[in-house]
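# Okay, predicted coordinates and the sequence, questions at the end:
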Amino acid sequence: MRPSYQINVLCDESTRETLTKLLFLHTTTIGVRYCTMQRSVMQRQTRFVETPYGRAAVKHCVYADIVRDYVEYESAKQLAEQHNAPLFEVAQAVLQAAKGNEG
């Protein structure tokens, strides 16, 4: 039995041929399978909230009646570095501020 590996690549239709060529060039494969997929995404917009650490970006996402807020990593990281604070604490403060700004 020979060893095998599976590589999954997600790409736009426009880059499929280029990526197929790279797979043939850089691996020992002699065949590439592909399928077209569809994707549902939440509507999203960037909002800003005030925290004890300063102003931070939050990605506000909505799909039907589902609403989620996600901390923008780079924004929280910058505040954590500025205040020499743990990233986790800053991220929690950002989410708490976002929760207070709902509506």
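In hand now; what should we look at? Residues are numbered from 1 along each chain as shown.
# got the residue ranges for the helices in the chain?
Along the chain, counting by DSSP state H, helices occupy 16-26, 73-82, 87-100.
# nearest to Val49, of those?
helix 87-100 (3.9 Å; Cβ to Cβ). Using the backbone N, CA and C atoms, a C-beta is placed for each residue, glycine as well.
# just to revisit the earlier point, export the helices of the chain to a markdown table and append columns for mean neighbour count.
Compiled in a markdown table, the helices of the chain are given as follows (neighbours: other Cβ atoms under 10 Å):
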| stretch | mean neighbour count |
| --- | --- |
| helix 16-26 | 12 |
| helix 73-82 | 16 |
| helix 87-100 | 17 |
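# Let's have those in CSV, adding mean pLDDT.
Below are the helices of the chain laid out as CSV (pLDDT from 0 to 100):
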stretch, mean pLDDT
helix 16-26, 97
helix 73-82, 97
helix 87-100, 96
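# who touches Ala56 in this structure?
Applying Cβ atoms under 8 Å, 6 or more residues apart in numbering to Ala56 gives the contacts 48-49, 71-72, 75-76, 79, 90, 93-94, 97.
# right, so of the helices of the chain, which gets closest to Arg55?
For those, proximity to Arg55 was assessed by Cβ to Cβ; helix 73-82 is nearest, at 8.3 Å.
# contacting residues around the closest one?
51, 53-54, 56-57, 85-87, 89-91, 94.
# And those, which is closest to Gln38?
Nearest member of those to Gln38, counting by Cβ to Cβ, is Ala57, at 28.9 Å.
# ok, how many other residues are close to the closest one?
Using other Cβ atoms under 10 Å, Ala57 is surrounded by 17 other residues.
# What pLDDT does the model give it?
Predicted confidence (pLDDT) for Ala57: 97.
# give the contact list for it.
Neighbours of Ala57 in contact, by Cβ under 8 Å, 6+ apart: 46-48, 72, 74-75.
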